[in-house]
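1. Predicted model, plus sequence, below.
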Amino acid sequence: MTSEPGLEKRQFGHRARLALTPAQVRLIDDQAHAARTMWNCLHDWWMMLPKDKRTLAAADAAIRQARK
């Protein structure tokens, strides 16, 4: 053991690496792009609303309407 705190060795577990095909990489990139777009739109919508109208129910309704 060391006398100084914070110097002990840490183990973070196993990290699995994916070996994706080029088609899978494109699919995941497309999904990530869609998720970022959705987040950006939701964030803008949330920030533009007055604070008294910012509810999760209103956000859920807006998401459902946007998906139609």
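-> Structure's in. What do you need?
2. Not counting stretch 49-60 itself, show me its contacts.
-> For stretch 49-60, the external contacting residues (Cβ atoms under 8 Å, 6 or more residues apart in numbering) are Leu42, Trp45, Trp46. Heads up, the C-betas are built off the backbone N, CA and C, glycines and all.
3. Neighbour count and pLDDT added to those residues, as JSON lines?
-> Output for the contacts of stretch 49-60, formatted as JSON lines (neighbours: other Cβ atoms under 10 Å; pLDDT from 0 to 100):
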{"residue": "Leu42", "neighbour count": "14", "pLDDT": "90"}
{"residue": "Trp45", "neighbour count": "15", "pLDDT": "91"}
{"residue": "Trp46", "neighbour count": "13", "pLDDT": "92"}
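4. ok, then the element right after whatever helix or strand Asp30 lives in?
-> Using DSSP states H and E, Asp30 sits in helix 22-48. The first helix or strand that comes after helix 22-48 along the chain, using DSSP H and E, is helix 56-67.
5. Can I get that following helix in CSV? Just the C-alpha atoms.
-> Below are the C-alpha coordinates for helix 56-67, written out as CSV (Å, rounded to 0.1, in the frame of the first residue of the first chain):
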residue,chain,number,x,y,z
LEU,A,56,-41.5,16.6,-19.7
ALA,A,57,-45.1,16.0,-20.8
ALA,A,58,-44.9,19.0,-23.2
ALA,A,59,-41.5,17.7,-24.5
ASP,A,60,-43.0,14.2,-25.0
ALA,A,61,-45.9,15.6,-26.9
ALA,A,62,-43.6,17.6,-29.1
ILE,A,63,-41.4,14.6,-29.8
ARG,A,64,-44.4,12.5,-30.7
GLN,A,65,-45.8,15.2,-33.0
ALA,A,66,-42.4,15.6,-34.7
ARG,A,67,-42.2,11.8,-35.4
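6. Quickly note the distance from Ala19 to Phe12.
-> 21 Å (Cβ to Cβ, to the nearest Å).
7. Flag the shaky bits of the chain, pLDDT-wise.
-> Within the chain, the ranges that satisfy pLDDT under 70 run 1-6.
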